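Peer 1: could you look at this predicted model? Sequence included:
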2 protein chains.
Amino acid sequence: MDNTQAIFDKLKLELSKEDAKSFKEDFLDLHNYDQGRFFGELTGPERQLVYQYLSPDELADAFDEIDDEPDLIAEYLDEMTPRYAAALLNGMYDDNEADVLGAVRNDKLHKLLSYMQPVDAARVRQLLKYEDKTAGALMTTEFISVAVDATVGSAMNQVKQEAQYAETISYIYVVNESNQLIGVISVKDLIVNPDDVFIKRIMNTNVVSVLDNEDQVEIATQIRDYNFIAIPVVDKNNKMLGIITVDDIIDVIDEESAQDYSRLAGVGTEDLSENPWAAFKSRMPWLVTMLFLGLISAVVISQFQGVLDRFGVLAVFITLITGTAGNAGTQSLAVAMRRLANDEDDNSGFKIILNEILTGLLTSVLTGLVIFVVVLLWQHNLMLGIIVGAAMWGAIFIANLVGSLIPIILEKLGQDPGVASGPLISTVSDIISILIYFNIATICLANFH
Amino acid sequence: MDNTQAIFDKLKLELSKEDAKSFKEDFLDLHNYDQGRFFGELTGPERQLVYQYLSPDELADAFDEIDDEPDLIAEYLDEMTPRYAAALLNGMYDDNEADVLGAVRNDKLHKLLSYMQPVDAARVRQLLKYEDKTAGALMTTEFISVAVDATVGSAMNQVKQEAQYAETISYIYVVNESNQLIGVISVKDLIVNPDDVFIKRIMNTNVVSVLDNEDQVEIATQIRDYNFIAIPVVDKNNKMLGIITVDDIIDVIDEESAQDYSRLAGVGTEDLSENPWAAFKSRMPWLVTMLFLGLISAVVISQFQGVLDRFGVLAVFITLITGTAGNAGTQSLAVAMRRLANDEDDNSGFKIILNEILTGLLTSVLTGLVIFVVVLLWQHNLMLGIIVGAAMWGAIFIANLVGSLIPIILEKLGQDPGVASGPLISTVSDIISILIYFNIATICLANFH
């Protein structure tokens, strides 16, 4: 890392000296990812020099690596001549190109497309039509496909010619005359087999592919399970449309897990910006919604004001009971969410609930007993010990169930179970815990006091 | 997927008919991952037939795909003759082989190693020494390296010979006579360049590698950022030891995100087993620890029993205040944890706190105002509105700070910030919220009542 920074400093010095030749040489020596990072550190005037010193194709590789920031790239495009910008976009992999064009203003988009070859413009227009987070939106059309009657030798020649434009040469796809995907071979197969062998004889016909409207989560599962470097995308007639490469799938996995994580805490994934105002806007809706839902707990307690007035010590344990039950509910929520995500089994909902009932019984009984003993030793009040112990037992048991039931019910209803966040579960659990606590107290006090 | 199940049924039928030839043919036609899934569905007697019909090398590919269950594989090994088991292990990629051997009992381990070639046994023993979750534990030694004086033609010949044993041929590593890593070329480079070109001329000398004791999270970051298919592992003298492939890194990313997610909720990652007893043991430590920490809130409230007796309506808002502050604390915890994970900047701690102070001010002031108005409208009590509004403001502001401060302080102290889970933050936030609420109430009531 330190070494890279030294190279960055050297590059900046070369820019300041306007030493185009050395700059170009050293810049192209960098990994594409580091090229992207370096470019991100430059000032406007420095970037203008880069546009002068590097061809659009040379800079395109760096831009392919800042593909997670299409808005930023769209701003850079504004600084370039439309011709340079269009050529640069053309040099990018077309999944990234489409992402960037999706972030460009409409008038600018038409202008850029008008500078491209009609066939390229048409291809990008097609990619722009796919819905976000589907196979079509993730795929690139820069793959290598060979005809089914090719030999290893002819396929190898084709790979030699097309390699520099393809996003990966790990797999070569075999298509028939209607462009339908019928087989796949790996570059390894091409290398180890003699030139005169027919592709048809060595290809794998058991191809795993995804439809163009497939959700990105499903695609990630396939690539992870089969350990693929890339997966082909086909339309409903099995016509080959593109490929999705593993590096894009890693970004999907990161994005999905960040989303799960943030939702568990009731924040938006976008809440990582440095801007407190954006963070405020991202968190406030959850917070205020839960505030109003939480008001139910206040209303419930106010209904029991009479019990509280007679037996004021009850107030002492409100927070302990709601807090502990909330913790238990969050635990079972997290486990249920992970089980739903991992398990494709249709019975999993029932299994999760049965498990949670048993787990809830064990944890609630033990926790109830512990707090009963603690209250007895501390307050020397058997009745209070029984009330708090029984309430703790009931509250944890129900919170456990609520934590697993809510996401399962949402899923059964065809809703997104991720809506059930930690804040929702703990707020609902608060209300239920208070109901349990004060009802138990009322009954005990009415009968035994 | 339906299609795969049909093939599984056919394979089972072939086993029941003891039709070795058809079984072998159809089995080997499956993707390795599906082979592994199929094998997992078999009964003991069926598995014995498989050991008869397939060579150890043929079955090894399937076992490479159930590499996430080394304990299960260790059980399968017990069913085989030691000779078959040792040959099968030898046929697996050696990172998986080492994982399995790590799960085998010691006496069995020695027996299995005694059936291997001494050089293979020594290599596996070496791999077994690496600490879990380091580059050494993840790497495989089955890579292709060429000498620096090779030509494209000679390197290609070497790839042809070694391809079937290598885990990937995407990159070919260039080493000097001391086996030090000095460059890398891609298989693409080999294919597009003429045979007589020297590797030295086309290799990339700016190689990104990781040390054998590097943590797996760092490696995942490198592979993700640079979009690598594999990354080389070297010792401190830059000697080439092995490679880590992207499929293993996807498993690392999944494992780490599952861990982050579970920790946020205060459960163990292992808490996905079907066993309620295991789930109980995984969740109970957190729950009981938080119960005792939560007792502080009960003690605090008991100190304010006098205020509560005089102004009983205060009890009504305890849960609303602690619950809302807890939600805010969980939000800022999740954001801080994600920022710490994403940001390598050393100043990030300070930036996170500054951001949280501002975000906390905005959210707490607005929420405080909302609840002030609600209490005023509901209870027609200005004093109560001021107390609850001010307490809400203070509690949210502090909970926000606590949520981001605790992980940052843990990180600064060299501790794992992940210890700060949602349950810890909400329990600590409960105590602080109650202190704020009752102190504000005491002051207001003493001065203005």
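Peer 2: Right, received. Where do you want to start? Just so you know, these numbers come straight off a predicted model, no measurement behind them. Numbers count the residues shown, from 1 in each chain, chains lettered A, B, ... in the order given.
Peer 1: which parts of the stretch 1-150 of chain A are helices?
Peer 2: Along the stretch 1-150 of chain A, the segments classed as helices by DSSP state H, counting those that start in this stretch run A:2-16, A:20-29, A:32-40, A:44-53, A:56-64, A:70-79, A:82-91, A:94-103, A:106-114, A:118-128, A:135-138.
Peer 1: does the shortest one reach chain B?
Peer 2: No. Where contact is defined by CB under 8 Å from any CB of the partner chain, no part of helix A:135-138 touches chain B; the two come within 14.2 Å at best. All C-beta atoms are positioned from the backbone trio N, CA, C, and that covers glycine.
Peer 1: contacts for that helix?
Peer 2: Helix A:135-138 has contacts (CB atoms under 8 Å, 6 or more residues apart in numbering or on different chains) with A:95, A:98, A:127, A:129-131, A:210-214, A:216, A:219, A:233, A:241-242, A:244, A:248-249, A:252.
Peer 1: how about the third one?
Peer 2: Here helix A:32-40 makes contact (CB under 8 Å, 6+ apart) with A:4, A:7-8, A:11, A:27, A:30, A:47, A:50, A:59, A:61-66, A:72, B:225-227.
Peer 1: need the buried ones from these selected in PyMOL.
Peer 2: Buried subset of the contacts of helix A:32-40, written as a PyMOL selection, criterion 16 or more other CB atoms under 10 Å in any protein chain shown:
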select buried, (chain A and resi 4+7+8+11+27+30+47+50+59+61+62+63+64+65+66) or (chain B and resi 225+227)
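Peer 1: returning to that earlier point: most packed of the helices of the stretch 1-150 of chain A?
Peer 2: Among the helices of the stretch 1-150 of chain A, helix A:135-138 has the highest mean neighbour count (mean count of other CB atoms under 10 Å in any protein chain shown), at a mean of 25.
Peer 1: let me see the mean pLDDT of it.
Peer 2: Per-residue pLDDT over helix A:135-138 has a mean of 92.
Peer 1: can you list the residues of the stretch 1-150 of chain A near chain B?
Peer 2: The stretch 1-150 of chain A has residues A:29-33, A:65 near chain B, with proximity defined as CB under 8 Å from any CB.
Peer 1: apply 7 Å and report the result again.
Peer 2: Taking CB under 7 Å from any CB of the partner chain, the part of the stretch 1-150 of chain A that reaches chain B is made up of A:29, A:31, A:33.
Peer 1: does the first one touch A:Glu58 like I think?
Peer 2: No. With contact defined as CB atoms under 7 Å, A:Asp29 does not reach A:Glu58; the gap is 11.9 Å.
Peer 1: can you report phi and psi for A:Ile244?
Peer 2: The phi/psi pair for A:Ile244 (degrees, to the nearest 10) reads phi -120, psi 130.
Peer 1: hmm, I was thinking of A:Asn206
Peer 2: The phi/psi pair for A:Asn206 (degrees, to the nearest 10) is phi -90, psi 70.
Peer 1: and A:Glu65, by the same measure?
Peer 2: Per-residue torsions, A:Glu65: phi -90, psi -10 (degrees, to the nearest 10).
Peer 1: with A:Gln180 instead?
Peer 2: Dihedral angles (degrees, to the nearest 10) for A:Gln180: phi -80, psi 140.
Peer 1: how near is it to A:Pro232?
Peer 2: 11 Å (CB to CB, to the nearest Å).
Peer 1: of those two, which one has the most company?
Peer 2: Neighbour count, other CB atoms under 10 Å in any protein chain shown: between A:Gln180 and A:Pro232, A:Pro232 has more, with 24 against 15.
Peer 1: thought that one was touching A:Ser209?
Peer 2: Yes. Using CB under 7 Å, A:Pro232 is in contact with A:Ser209, at 4.5 Å.
Peer 1: low-confidence ranges in the stretch 151-300 of chain A?
Peer 2: The stretch 151-300 of chain A contains residues with pLDDT under 70 at A:269-274.
Peer 1: which parts of it are helices?
Peer 2: Along the stretch 151-300 of chain A, the segments classed as helices by DSSP H, counting those that start in this stretch run A:152-162, A:187-192, A:199-202, A:216-226, A:246-264, A:276-303.
Peer 1: same list (these) but as a markdown table, adding distance to chain B.
Peer 2: As requested, those are exported to a markdown table (distance: least, CB to the nearest CB, whole Å):
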| stretch | distance to chain B |
| --- | --- |
| helix A:152-162 | 5 |
| helix A:187-192 | 5 |
| helix A:199-202 | 13 |
| helix A:216-226 | 5 |
| helix A:246-264 | 4 |
| helix A:276-303 | 4 |
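Peer 1: make CSV out of the ones you listed and add distance to A:Ser170.
Peer 2: Conversion of those to CSV gives the following (distance: least, CB to CB, whole Å):
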stretch, distance to A:Ser170
helix A:152-162, 11
helix A:187-192, 6
helix A:199-202, 16
helix A:216-226, 12
helix A:246-264, 9
helix A:276-303, 39
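Peer 1: quick one: which of those helices is nearest A:Lys17?
Peer 2: Smallest distance to A:Lys17 across the helices of the stretch 151-300 of chain A (CB to CB): 35.4 Å, for helix A:246-264.
Peer 1: okay, buried residues for that closest one please.
Peer 2: By 16+ other CB under 10 Å, the buried positions in helix A:246-264 come out as A:246-258, A:260-264.
Peer 1: residues near A:Asn439, how many?
Peer 2: A:Asn439: 15 neighbours (other CB under 10 Å).
Peer 1: look at it and give its secondary structure.
Peer 2: Of the three states, A:Asn439 takes helix under DSSP: H, G, I helix; E, B strand; the rest coil.
Peer 1: look up how far chain B lies from it.
Peer 2: 15 Å (CB to the nearest CB, to the nearest Å).
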